[in-house]
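Asks: I need the structure of the sequence given here:
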Amino acid sequence: MKLLMQPIKIKNIKINNRIVMPPMATSKSGDGMVTDDLINYYDEKSKGGYIGLIITEHSYVSKEGMADKGQVSISRDSDIEGLKRITETIHNNDSKVIAQISHAGSSAKPSVTGCEIISASEVANVGATGKSGIVPHEMSKEDIKRVVKCFADAAKRAKESNFDGVEIHSAHAYLLNQFFSPLANKRTDEYGGSLENRVRIHLEIIEEIRKSVGEDYLVALRLGACDYIDGGNTLEDGVAASKLFEKAGVDLLDISGGFCGIIRPDHKEAGYFSELSQAIKKEVSIPVILTGGITEGEQAEKLLEEYKADLIGVGRAILKDSTWAKKVVED
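Replies: Residues are numbered from 1 along each chain as shown. Model (predicted):
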C-alpha cells in the first residue's frame with residue numbers, strides 16, 4: 001500500500017493518506033440540525049485517523065434545495081454551532097474533513113421542501129436520484145443570482161464551522177448537474193447551449209465562493225463528468241468542464257457519474273468511473289478523486305499505480321465496516 005499511504009498536501013491542508021470517505025447520505029439529521037446520532041456516526045467512521053479525508057454528506061444551501069427530510073442544513077447561520085461539532089469530532093480523530101454543499105433542483109420534492117421546484121429548464125428529472133415526474137419551474141436570472149449567493153454563503157459557513165474545505169456538488173442529477181447536462185438544460189440564454197454556457201453558473205459560484213472564503217481555503221467540486229445516457233454529457237464534456245473549473249480556481253476534483261447517479265451502467269469493476277478520472281487527470285494539474293466499486297486496499301493501490309487518480313474514495317465498504325481503513329493501513 002505504498003502509494004495509498006502517501007500523504008498529500010492540497011492548498012494548506014496536509015492529508016495523511018489517499019483514502020477518502022466520500023459523501024454518503026445518512027438521513028440522521030433532525031429539521032436540518034446536527035444530531036447526536038450523526039456525531040456518533042462520524043466519530044465511529046473517523047476513529048484513529050485511518051481515513052485521510054472525510055467529505056461529509058451533502059448539506060442543502062437553501063430550503064428549496066433540500067433533497068430529503070433527514071438531510072443536514074448549511075443554509076442558516078444557526079447551523080454553524082452543530083456543524084462545528086462534526087468538525088471537532090473528526091479533527092480530534094486526526095482526519096481532515098470537507099463539507100459538501102448542494103442544491104437538489106428538480107431532484108427535490110414539494111412534500112419535503114414546501115417550496116416550488118426549480119431547475120435549469122422546465123424538464124422533468126430523468127436522473128437516477130430524482131424521477132418524481134414533477135416539471136420544475138425554469139430559473140430566472142434572478143433565481144440563478146440568488147442560488148449563487150446561497151452557495152457562497154454556505155461556503156462561508158463551512159469555513160466558520162472549521163471545515164478544512166468545501167465541495168460544490170455537481171453530480172448525480174442535482175441542480176448544478178442539471179445545468180451542466182443537455183438532458184435537463186434546454187435554455188437558449190447565456191446559461192444554456194454550449195458547454196461554456198452550461199457551466200456558467202458553476203463558474204459564478206466558484207468566483208463568489210472565493211470572495212467569501214479567500215484564496216487560501218480549499219475548494220473542491222464533485223463533477224458528474226458523464227451521464228452515460230443518450231443525449232447527455234460525454235467524457236469529452238467532463239474533461240473540458242474540468243479544465244474550466246481548474247482555471248476558475250478549484251483545488252480538487254471529485255469525479256463521479258452524472259444523471260446515471262453513483263453507478264455506471266453495466267459496470268461493476270473496481271473504479272468503474274476510472275476512464276473519466278484518468279482522462280481528466282491527464283488534462284489538469286490539480287488532484288483528482290476516484291470513487292466507485294472499490295472495496296479492497298489492493299484495488300485502490302492499483303488504481304493509483306495506473307495513474308487513474310490521486311486519491312481513492314471508498315464508500316459502501318466503509319459504510320458497512322467502520323474498521324475498513326484501519327485494516328488496510330495496518331495490513
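
Asks: quick one, what contacts residue 160?
Replies: Residues near residue 160 by CB atoms under 8 Å, 6 or more residues apart in numbering: residue 80. To be clear about C-beta, it is placed using only N, CA and C from the backbone, and glycine gets the same treatment.

Asks: Kindly report the same for residue 245.
Replies: 199, 202-203, 206, 221, 223, 253.

Asks: Please repeat the previous calculation with a cut-off of 10 Å.
Replies: 168, 170, 199, 202-203, 206, 219-221, 223, 251-253, 280, 284, 286 (CB atoms under 10 Å, 6 or more residues apart in numbering).

Asks: Please identify, among those, the one with the most neighbours.
Replies: residue 223 (31 neighbours; other CB atoms under 10 Å).

Asks: So that one lies in a strand, does it not?
Replies: Yes - applying DSSP: H, G, I helix; E, B strand; the rest coil, one finds residue 223 inside a strand.

Asks: ok, it touching residue 238?
Replies: Yes - Residue 223 lies in contact with residue 238 (CB atoms under 10 Å); the separation is 6.4 Å.

Asks: what do the two both touch?
Replies: Shared contacts of residue 223 and residue 238 (CB under 10 Å, 6+ apart): 180, 253, 255, 258, 276-277, 280.

Asks: now, the most widely separated pair of those residues?
Replies: Comparing every pair within these by CB to CB identifies 180 and 277 as the most remote, at 16.9 Å.

Asks: The nearest residue to residue 203 once chain neighbours are set aside: how many residues sit nearby?
Replies: Leaving aside its sequence neighbours, residue 203 sits nearest to residue 248 (CB to CB, 6 or more residues apart in numbering; 5.0 Å). Residue 248: 18 surrounding residues under other CB under 10 Å.

Asks: Just the pLDDT for residue 248.
Replies: Note for residue 248: predicted pLDDT of 98.

Asks: before we move on, what about residue 130?
Replies: 67.

Asks: again, but for the one 5 residues further on
Replies: Residue 135 is assigned a pLDDT of 94 by the prediction.

Asks: tell me, how many neighbours does it end up with?
Replies: 14.

Asks: how about the helices of the stretch 201-331 of the chain, start to end?
Replies: For the stretch 201-331 of the chain, the helices defined by DSSP state H, counting those that start in this stretch occupy 235-248, 274-281, 297-305, 316-320, 324-330.

Asks: out of the ones you listed, deepest packed?
Replies: Ranked by mean neighbour count under mean count of other CB atoms under 10 Å, the helices of the stretch 201-331 of the chain are led by helix 274-281, which reaches a mean of 23.

Asks: I figured residue 249 hits residue 216, correct?
Replies: No - if you go by CB under 10 Å, residue 249 and residue 216 don't touch, sitting 11.4 Å apart.

Asks: okay, these two: which has more neighbours?
Replies: residue 249 (14 against 8).

Asks: what about the more buried one, distance to residue 52?
Replies: 23 Å (CB to CB, to the nearest Å).

Asks: Check residue 156 too.
Replies: Look at residue 156 and residue 52: by CB to CB, they are 25 Å apart.

Asks: For those two, indicate the residue with more neighbours.
Replies: residue 52 (25 against 21).

Asks: How many residues are close by the closest residue to residue 44 other than its chain neighbours?
Replies: Closest residue to residue 44 apart from its sequence neighbours, by CB to CB, 6+ apart: residue 322 at 4.9 Å. Neighbour count for residue 322, taken as other CB under 10 Å: 18.

Asks: Pop out the phi and psi values for residue 322.
Replies: Phi and psi for residue 322, reported as degrees, to the nearest 10, are phi -70, psi -10.
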